[in-house]
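**Q** sequence first, then the predicted structure:
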Amino acid sequence: MPLFFRMPALIEDIEFHGQPAIAMTSADGARAVVSLFGAQVLSWQPAHGEERLFLSDKACFDGVHPVRGGVPVCFPQFSGLGKLPKHGFVRTLPWTVRQRRAEADHTMLVLGLNENAHTHALWPTMFDAELTVAIEGARIDIELGIENTGHAPFAFTAALHSYLAVREVELARLEGLRGYEYRDAADDNRIKRDTADALIVDDEVNRVYHDVDRALVLFEPHRALRIEVSGFPDVVVWNPWETHCAALPDMPATGFRNMLCVEAAAARRKIALDAGEEWFGRQSLVAA
């Protein structure tokens with residue numbers, strides 16, 4: 001293919017497993033699919049590269065239940081750390097398109113969600129949530145913005161629950177977490193400090209690393225993925241391994257071998273917003 005060839009940048013309305021979605025293509029060949037249900041990135045292929053997000057073969061696409069894989073948006077609660085449904089409620093609500101832009105150097109999509117009768121019954125708060133997805137070349141940027149549109153302060157936890165695709169999880173190495181403290185949910189929530197040069201998965205992993213301020217790199221044979229985060233103070237690393245994977249009805253029995261969640265999160269401490277204040281958190285993935 002000649003170096004000067006560039007394909008048209010496109011943003012198209014599609015159906016993905018029967019659900020409304022947006023297909024994004026950049027001029028240099030990067031691709032992504034974003035579901036309007038939950039504003040969830042379901043697929044990302046860097047330019048001239050292979051799929052880098054895991055999506056379960058048994059994922060449910062009924063427009064009601066969460067979709068297993070991609071990048072679910074967790075808000076206003078991460079995991080079960082509160083009284084709300086696990087991981088909050090925005091991942092199972094329809095979002096609307098606010099902006100779409102196909103430029104020569106990038107393609108961008110903005111989805112939005114406000115409070116409604118359903119959310120107010122669970123969490124009586126006025127808010128505006130916005131998810132921005134941009135792709136170009138070997139990079140995808142996913143940014144979550146939260147605005148307090150009410151008259152009283154509120155606090156929340158949140159995450160971009162990224163399911164990264166790996167060819168074989170036991171051959172992957174996640175570098176950059178050495179020296180950081182973490183809460184080990186797979187070991188009675190004990191607080192520990194990582195002393196290893198790399199995190200290697202050979203059993204269940206369920207960790208929340210605190211105050212991570214450097215980029216991480218996920219290495220595999222013949223490829224790598226750089227993970228950059230801003231705004232989110234924590235990093236969650238999760239793989240259910242064999243026993244827990246078998247208990248998940250929307251995962252194949254061996255699905256744990258082809259995924260590793262490395263999530264940008266605000267889990268340890270809540271983010272507080274006064275009336276009129278905004279917060280932004282971003283995760284960027286760069287393939288190599």
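**A** That came in fine, so what should we check first?
**Q** so who does the nearest residue to L273 once chain neighbours are set aside touch?
**A** In space, and not counting its chain neighbours, L273 is closest to N148: 4.1 Å by C-beta to C-beta, 6 or more residues apart in numbering. In short, each C-beta sits where N, CA and C put it, glycine included. N148 makes contact with T125, M126, F127, F154, L273, D274, A275, G276, E277, E278, according to C-beta atoms under 8 Å, 6 or more residues apart in numbering.
**Q** again, 7 Å this time
**A** When the contact criterion is C-beta atoms under 7 Å, 6 or more residues apart in numbering, the partners of N148 are F127, F154, L273, D274, A275, G276, E277.
**Q** for P240, same thing?
**A** Contacts of P240 by C-beta under 7 Å, 6+ apart are E204, L248, F256.
**Q** may I see the PyMOL selection of the buried members of the contacts of N148?
**A** Buried residues within the contacts of N148, by 16 or more other C-beta atoms under 10 Å, are selected in PyMOL with:
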select buried, resi 127+154+273
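**Q** contact partners for the closest residue in space to W241 that isn't next to it in sequence?
**A** Nearest non-adjacent residue to W241, counting by C-beta to C-beta, 6+ apart: E204, 4.0 Å away. Listed by C-beta under 7 Å, 6+ apart, the contact partners of E204 are A186, N239, P240, W241, H244.
**Q** how about the strands of the stretch 1-150 of the chain, start to end?
**A** Per DSSP state E, counting those that start in this stretch, the stretch 1-150 of the chain carries strands over the ranges 10-16, 19-25, 31-35, 40-45, 73-74, 96-102, 107-114, 127-136, 139-148.
**Q** tabulate the contacts of P240 (CSV), appending secondary structure.
**A** Below are these laid out as CSV (DSSP: H, G, I helix; E, B strand; the rest coil):
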residue, secondary structure
E204, coil
L248, coil
F256, helix
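**Q** just give me the closest of the residues you listed to A196.
**A** Using C-beta to C-beta, E204 is the member of those that lies nearest A196, at 16.3 Å.
**Q** which pLDDT value goes with the closest one?
**A** Looking at E204, its pLDDT stands at 98.
**Q** the strands in the stretch 151-288 of the chain, which residues?
**A** 154-160, 163-165, 173-175, 181-184, 190-193, 198-199, 205-209, 216-220, 223-230, 234-239, 259-273, 278-287.
**Q** and the shortest one, which strands flank it?
**A** By that I understand strand 198-199. strand 173-175 (antiparallel) (DSSP bridges).
**Q** now do the contacts for M126.
**A** E115, T149, G150.
**Q** revised request: answer the last question for G179.
**A** D194.
**Q** which of the strands of the stretch 1-150 of the chain sits closest to I191?
**A** Comparing the strands of the stretch 1-150 of the chain under C-beta to C-beta, the one sitting nearest is strand 73-74, at 22.0 Å.
**Q** tell me the strands beside that closest one, with direction?
**A** Strand 73-74 has these strand partners (DSSP bridges): strand 154-160 (antiparallel).
**Q** can you give me the buried ones in the strand it pairs with?
**A** Taking 16+ other C-beta under 10 Å as the criterion, strand 154-160 shows F154, F156, T157, A158, A159, L160 as buried.
**Q** so what touches stretch 25-34?
**A** Taking C-beta under 7 Å, 6+ apart as the rule, stretch 25-34 contacts 6-7, 9-10, 16, 21-24, 40-48, 104, 106-107, 109, 133, 135-137, 140.
**Q** and those, which of them are buried?
**A** 9, 16, 21-24, 40-47, 106-107, 109, 133, 135-137, 140.
**Q** coming back round to it: format the contacts of P240 as CSV; extra columns: distance to I191.
**A** CSV is the format used below for the contacts of P240 (distance: C-beta to C-beta, whole Å):
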residue, distance to I191
E204, 18
L248, 27
F256, 25
